[in-house]
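Participant: can't give you the sequence, but here's the structure:
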């Protein structure tokens, strides 16, 4: 039996998601979408990586970040 790993997004949802995510993670800190604390990066058993918030006990795969998981870093002057 095949299971869909991700739900299919409608056209509007897919467009909104692509607009809200940066093209690159460079210059951004990975933060928890719930509490805003920095996330730690962990290796998973399947070879992928995931970010985890120890305060909230939630996380996401590095390849599938939520839109609010990025916070711009302060510019070095």
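Facilitator: Happy to help now that I have it. What you see is a predicted model, and the numbers here were worked out from it, not measured in a lab.
Participant: show me the shaky parts of this structure.
Facilitator: 1-25, 76-77 (pLDDT under 70).
Participant: and the helices in it?
Facilitator: With DSSP state H as the criterion, the chain has helices at 11-20.
Participant: so what's residue 49 up against?
Facilitator: 41, 42, 43, 61, 62, 63 (Cβ atoms under 8 Å, 6 or more residues apart in numbering). Any C-beta I mention is one placed from the backbone N, CA and C, and that applies to glycine too.
Participant: quick check, the fourth one in contact with residue 48.
Facilitator: Yes. Here residue 61 lies in contact with residue 48, judged by Cβ atoms under 8 Å, at a distance of 5.7 Å.
Participant: ChimeraX command to pick out the buried ones of the contacts of residue 49?
Facilitator: To isolate the buried members of those in ChimeraX, using 16 or more other Cβ atoms under 10 Å:
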select :62
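Participant: the closest residue to residue 53 other than its chain neighbours and residue 46, how far apart?
Facilitator: Once flanking residues are discounted, residue 53 sits nearest to residue 32: 3.8 Å by Cβ to Cβ, 6 or more residues apart in numbering. With distances taken as Cβ to Cβ, to the nearest Å, residue 32 is found 23 Å from residue 46.
Participant: more neighbours: the two, which one.
Facilitator: residue 32 (22 against 7; other Cβ atoms under 10 Å).
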